[in-house]
Structure formats: structure tokens, C-alpha cells
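Colleague: Could you look at this predicted model? Sequence included:
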Amino acid sequence: MTDILIIGDTQRSAELRHEIPVDIVDSFLYAEVGGRRITIVWSIEGDRIAAVDPSIEVVHSETFPVDDLLRQGVDFYAIGATNIVRQVESLGLQSARVPGEFPLRFADALRAAGVELVVDQRLFDDRRRRKTPFELEGIHRASRAAEAGTAAIAALLARSEPGDGGRVVDGEPLTCEALREAAIAVFAAAGCRGDDLIAAAGPQSADGHAAGSGRVANDDVIVCDLFPQDVESGCFADMTRTFTVGTPDPEIATWHAQTADALELCRGLVRPGADGSALWRAVCSFYEELGHPTGQSKPEGTVLREGFNHGLGHGVGLEVHEAPVLSKVGHELVAGDVITLEPGLYRHGFGGVRLEDTLVVTDDGCETITEFPYGLDPAAAVVETAR
């Protein structure tokens with residue numbers, strides 16, 4: 001049996017949030033030693049943990065006072081690591097696997113005290129691959145929030161009119177910032193948070209991670225990539241839709257149709273045992289047959305700024321991007337994985353399109369969690385989602 005050790009808080013450590021599904025902002029210790037699950041944490045947090053999972057042994061951190069260290073004049077920045085050593089020694093833990101983001105200052109102190117720590121990120125990734133029912137419920141709530149946010153963006157685009165210098169809504173210039181604000185405003189009502197999202201118009205839509213800024217043009221393309229976090233579970237969802245206003249370049253419509261086909265192609269290949277890199281290669285080959293460059297066809301070591309230039313997808317859960325990976329290097333899928341599929345086509349300085357769904361891998365295939373139309377017309381999306 002492998003002993004493990006995690007130190008952190010459940011807002012920033014996905015490994016810790018998976019073991020203890022409680023929102024705790026202050027750092028604390030969790031360990032599995034000889035089959036026991038133990039946490040050493042402030043008493044007010046311990047009561048919340050015990051209420052959620054009585055199988056976890058809760059030790060109050062107040063029982064490890066630092067008064068003697070204060071009397072000795074130990075430097076403030078050394079007190080935490082010294083006390084962690086005491087806590088770990090009290091558990092009889094001599095060797096443990098730790099996640100890749102284990103705090104270095106604690107690792108240094110523990111190793112100096114003779115505790116063997118082995119970084120094993122694969123172990124912790126594998127523990128989180130198959131989502132718990134609680135996590136799946138959170139992902140579904142986050143997906144509903146993403147859909148509501150996308151609908152809010154579509155509604156603004158549908159109401160907008162051509163104006164002097166760009167689109168106008170209610171007499172005011174329509175900007176990428178306003179689109180993002182419309183999505184953020186509906187997240188809270190769905191029990192989610194997330195002010196980090198993409199609504200990128202025009203040439204900015206060719207940059208997969210550009211948040212988007214400035215005026216939406218009268219004839220434009222807008223890539224909307226939303227990934228809100230469910231507050232209760234800490235889990236994310238991730239979805240992307242592409243809209244157009246006015247009369248955009250007809251090439252965008254062609255790319256969109258091809259990308260919709262690419263999405264359906266790879267969706268049909270998702271099942272337990274499927275290789276994430278094989279799915280990526282299948283989509284690359286599909287795009288290449290249509291004349292587009294891809295990460296598979298580009299010369300090694302070169303930069304690709306057009307065509308399909310990124311991975312096909314990724315796991316999503318307590319992190320927006322987590323295992324499994326579906327790209328040039330990929331994982332074998334397992335039942336219970338929650339993944340995204342996000343094919344896209346781009347040209348630097350011109351624009352791009354992307355479509356992305358969140359799915360759960362089932363015993364014999366997959367189920368799509370995202371529920372939102374794929375069309376370019378924002379007005380049609382508003383009508384369809386209102387039904």
C-alpha cells in the first residue's frame with residue numbers, strides 16, 4: 001500500500017480538493033498512512049471535513065502549538081516548515097508519494113528530517129481521472145452555467161446593429177469586454193464563478209488564448225470559450241462556440257462546417273481504451289485531406305500559425321486542463337474520464353473558428369454533457385436555447 005502526503009489548500013490543490021471536497025483557503029496536511037486517511041487541520045475546518053466524510057481521521061492543528069518555537073525566536077518563515085515536520089513525524093510517515101506541486105519549503109524540511117518524498121504526479125492524476133458522482137454533478141452545473149453565459153453573449157450579438165466603426169447595442173458600442181461581462185453576470189445565478197473567459201473577435205479569434213478586447217466589427221467572427229467553476233464542488237466545465245455578425249468572410253463559414261464535421265468525427269471515436277494521440281491524429285488527417293496544415297503535418301520545430309495548430313482536447317474537472325491529454329502525446333481513455341473535444345481552424349491576422357464540448361467517457365462510448373447549438377448565427381442560438 002502506497003503512503004501519500006499532500007499539503008496545500010483545496011482552492012489551489014486539485015489533488016487535495018479531490019480527497020477533501022470542502023472549500024478551505026488555508027494550507028493544511030492530508031496523508032494516507034498504512035490504510036488510514038488523516039488530516040491535520042484547524043478545528044473549525046475539521047468539523048466541516050468530518051461532516052462531509054466521517055472516514056477521514058481529523059486531528060486539530062491546535063494540538064501542535066508553536067509556542068516553544070516563538071520563545072526560541074525561530075524565524076517566522078521557518079515556523080511553518082518546522083511544524084509540518086512535527087506533524088508528519090507524529091503520523092509515523094517515513095516515505096510518501098507527493099504531487100508535482102508539493103511545496104518545496106516543506107519538502108526540503110521533511111527530507112532534511114529523514115522523510116523520503118517521491119514525486120509521482122501520474123499516481124495523483126490517475127486517482128482523479130474517474131470522476132466521483134459529486135464531481136460529475138458539479139461539472140454538469142458548470143456546463144449549464146457555460147451554456148447560459150454563451151446564450152447571454154449570443155443575445156447581445158443578436159440584438160446588435162451595424163454602426164459607425166462597429167456593432168452597437170442600445171446605442172453603445174459593442175465590445176469584447178461587454179460580451180464577457182454579460183457571461184460573467186449569469187454565472188453567479190448558476191452557482192458558478194469565472195471571470196477568466198474568451199470572447200475574441202476578428203483577428204484576435206486566431207489566437208486560441210486571447211481573451212478579446214475592443215470593438216466588435218460590423219462584419220465579424222467571435223470565438224467564445226467559457227470555462228466557469230462550480231462553487232460547491234470546485235469543478236469546471238469548458239465549452240466553445242463561434243458566432244458571426246453581419247456578413248463575415250465566407251471562408252469562416254467553410255471552416256465552421258469543416259470543424260463541426262471534425263467534432264463529430266472525433267466524438268464517434270471516444271471510448272475506453274481509445275488513445276488520445278490517435279484521436280488527435282485522426283482529426284489532423286481529416287483537416288489535411290481538406291488542405292489545411294496541422295500539427296501533424298508541420299515541419300518539426302517550426303511554428304504553425306494557421307490551420308489546426310493545437311491539441312484536440314483535455315481532461316476537465318477540478319482543473320480546467322488536467323489528465324487525460326488528447327494531443328501529439330496522449331493518454332489512453334478510461335470510463336469515468338471527463339474530457340473536452342475542441343477542433344478548430346485559424347489564420348494569424350485573419351481569424352478563426354473553434355467548437356468545444358465537454359463529454360464523459362462511458363463503458364461503451366461517451367455522453368456529451370454540453371447542450372448548446374453549434375450554428376454561427378447568434379439569433380438562431382437564442383431562439384433554440386429558449387425552447
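Modeller: That came through, no problem.
Colleague: partners of D357 in the sheet?
Modeller: Taking DSSP bridges as the rule, D357 bridges to L341.
Colleague: ok, and what's touching stretch 246-260?
Modeller: If you take C-beta atoms under 8 Å, 6 or more residues apart in numbering as the criterion, stretch 246-260 is touched by 162, 167, 217-221, 242, 244, 287, 290, 292, 343-345, 350-355, 374, 376. In short, each C-beta sits where N, CA and C put it, glycine included.
Colleague: What subset of these is buried?
Modeller: Buried by 16 or more other C-beta atoms under 10 Å: 167, 217-218, 220-221, 242, 244, 287, 292, 343-345, 351-355, 374, 376, out of the contacts of stretch 246-260.
Colleague: List the ones among the residues you listed that fall in helices.
Modeller: Within the buried ones among the contacts of stretch 246-260, residues falling in helices by DSSP state H are Y287.
Colleague: which residues of the protein fall in helices?
Modeller: Using DSSP H, helices in the chain cover 14-19, 43-52, 67-71, 76-90, 104-112, 121-129, 133-159, 176-187, 250-267, 276-289, 378-386.
Colleague: how about these, which one is nearest A200?
Modeller: When the helices of the chain are compared by C-beta to C-beta, helix 176-187 sits nearest A200, at 6.4 Å.
Colleague: For that closest one, enumerate the helices and strands it packs against.
Modeller: helix 133-159, strand 198-201, strand 220-226 (3 or more C-beta pairs under 8 Å, 6 or more residues apart in numbering; DSSP states H and E).
Colleague: Tell me what angle the first one forms with helix 176-187.
Modeller: Direction vectors for helix 133-159 and helix 176-187, defined by axes from the mean of the first three to the mean of the last three C-alpha atoms, to 10 degrees, enclose an angle of 140 degrees.
Colleague: Okay, buried residues for helix 133-159 please.
Modeller: Buried residues in helix 133-159, defined by neighbour count with 16+ other C-beta under 10 Å: 135-136, 138-158.
Colleague: what distance separates the start and the end of stretch 343-353?
Modeller: Using C-alpha to C-alpha, to the nearest Å, the end-to-end distance of stretch 343-353 comes out at 9 Å.
Colleague: Can you name the residues that contact the residue sitting nearest the centre point of the chain?
Modeller: For the chain, the residue nearest the mean C-alpha position is V320 (0.6 Å; C-alpha atoms, centre = their mean). V320 sits next to 227, 236, 238 when contact means C-beta under 8 Å, 6+ apart.
Colleague: Isn't the last one up against A146?
Modeller: Yes: under the criterion of C-beta atoms under 8 Å, D238 lies in contact with A146, with a separation of 7.3 Å.
Colleague: Next, format the helices of the chain as JSON lines and append mean pLDDT and distance to E306.
Modeller: Below are the helices of the chain laid out as JSON lines (pLDDT from 0 to 100; distance: least, C-beta to C-beta, whole Å):
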{"stretch": "helix 14-19", "mean pLDDT": "97", "distance to E306": "34"}
{"stretch": "helix 43-52", "mean pLDDT": "94", "distance to E306": "49"}
{"stretch": "helix 67-71", "mean pLDDT": "91", "distance to E306": "59"}
{"stretch": "helix 76-90", "mean pLDDT": "95", "distance to E306": "49"}
{"stretch": "helix 104-112", "mean pLDDT": "98", "distance to E306": "40"}
{"stretch": "helix 121-129", "mean pLDDT": "96", "distance to E306": "32"}
{"stretch": "helix 133-159", "mean pLDDT": "98", "distance to E306": "25"}
{"stretch": "helix 176-187", "mean pLDDT": "97", "distance to E306": "22"}
{"stretch": "helix 250-267", "mean pLDDT": "98", "distance to E306": "11"}
{"stretch": "helix 276-289", "mean pLDDT": "98", "distance to E306": "11"}
{"stretch": "helix 378-386", "mean pLDDT": "93", "distance to E306": "25"}
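Colleague: Among the ones you listed, which comes closest to V316?
Modeller: The nearest among the helices of the chain, by C-beta to C-beta, is helix 133-159 at 7.2 Å.
Colleague: how big is the angle separating the closest one from strand 220-226?
Modeller: 160 degrees.
Colleague: I'd like the distance from helix 133-159 to the chain centre, please.
Modeller: The chain centroid and the centroid of helix 133-159 are separated by 14 Å, computed with C-alpha atoms, centre = their mean, to the nearest Å.
Colleague: Stretch 36-54 now?
Modeller: For stretch 36-54, the distance to the chain centre is 27 Å (C-alpha atoms, centre = their mean).
Colleague: State the number of residues packed around the nearest residue to A211 once chain neighbours are set aside.
Modeller: Nearest in space to A211, with sequence neighbours left out and distances taken as C-beta to C-beta, 6 or more residues apart in numbering, is I198 at 5.6 Å. I198 has 24 neighbouring residues, counting by other C-beta atoms under 10 Å.
Colleague: next one: V22
Modeller: Using other C-beta under 10 Å, V22 has 17 other residues around it.
Colleague: what's the neighbour count on I79?
Modeller: I79: 13 neighbours (other C-beta under 10 Å).
Colleague: so it touches D68, yeah?
Modeller: No: counting by C-beta under 8 Å, I79 sits too far from D68 to count as a contact (10.5 Å).
Colleague: Look up phi and psi at the residue nearest to G276 when sequence neighbours are not counted.
Modeller: Leaving aside its sequence neighbours, G276 sits nearest to G330 (C-beta to C-beta, 6+ apart; 2.6 Å). Torsion angles at G330 (phi, psi; degrees, to the nearest 10) stand at phi -140, psi 170.
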